[in-house]
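A.B. asks: Take a look and give me a structure for this.
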Amino acid sequence: MTSVTPRELVTLLITGGGLWALIQFTGLKFWHAVLVFGAGFYLATTTAGSQASDLVSRILTALGH
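C.D. replies: The predicted structure follows:
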């Protein structure tokens with residue numbers, strides 16, 4: 001079993017907190033969120049996932065991050 005790094009834990013907590021806030025304050029249905037997360041994980045496993053990652057990296061670099 002692999003251990004979770006602090007960076008991964010922070011990412012998980014931020015994602016969970018954001019999901020909770022969306023459900024509480026915007027009326028997001030839990031199953032809508034599950035569907036979007038599932039589609040995101042599926043997209044990440046395709047060749048489009050690496051292209052999207054590269055695009056985001058380039059945008060962040062252009063913004064100075």
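
A.B. asks: pLDDT below threshold where in this structure?
C.D. replies: Along the chain, the model assigns pLDDT under 70 to residues 1.

A.B. asks: Go through the chain and flag its longest helix.
C.D. replies: Ordering each helix of the chain by length in residues (DSSP state H) puts helix 6-26 first.

A.B. asks: Any buried residues in that helix, and which?
C.D. replies: Using 16 or more other C-beta atoms under 10 Å as the test for burial, helix 6-26 gives Leu19. (C-beta placed from N, C-alpha, C; glycine too.)

A.B. asks: distance of the most centrally placed residue in the chain from Ala33?
C.D. replies: Computing the C-alpha centroid of the chain and ranking residues by C-alpha atoms, centre = their mean puts Thr15 first, at 6.7 Å. Per C-beta to C-beta, to the nearest Å, Thr15 is found 10 Å from Ala33.

A.B. asks: what's the answer for Arg58, then?
C.D. replies: As judged by C-beta to C-beta, Arg58 and Ala33 stand 28 Å apart.

A.B. asks: Those two: who's more crowded?
C.D. replies: Taking neighbours as other C-beta atoms under 10 Å, Arg58 and Ala33 compare with Ala33 leading, 15 against 10.

A.B. asks: re the thing from before, what's the first helix or strand after the longest helix of the chain?
C.D. replies: Downstream of helix 6-26, the first helix or strand assigned by DSSP states H and E is helix 30-45.

A.B. asks: Mind listing residues that contact the next helix or strand after that next one?
C.D. replies: Counting by DSSP H and E, the next helix or strand C-terminal to helix 30-45 is helix 47-62. Outside helix 47-62, the residues that touch it by C-beta atoms under 8 Å, 6 or more residues apart in numbering are Leu43.
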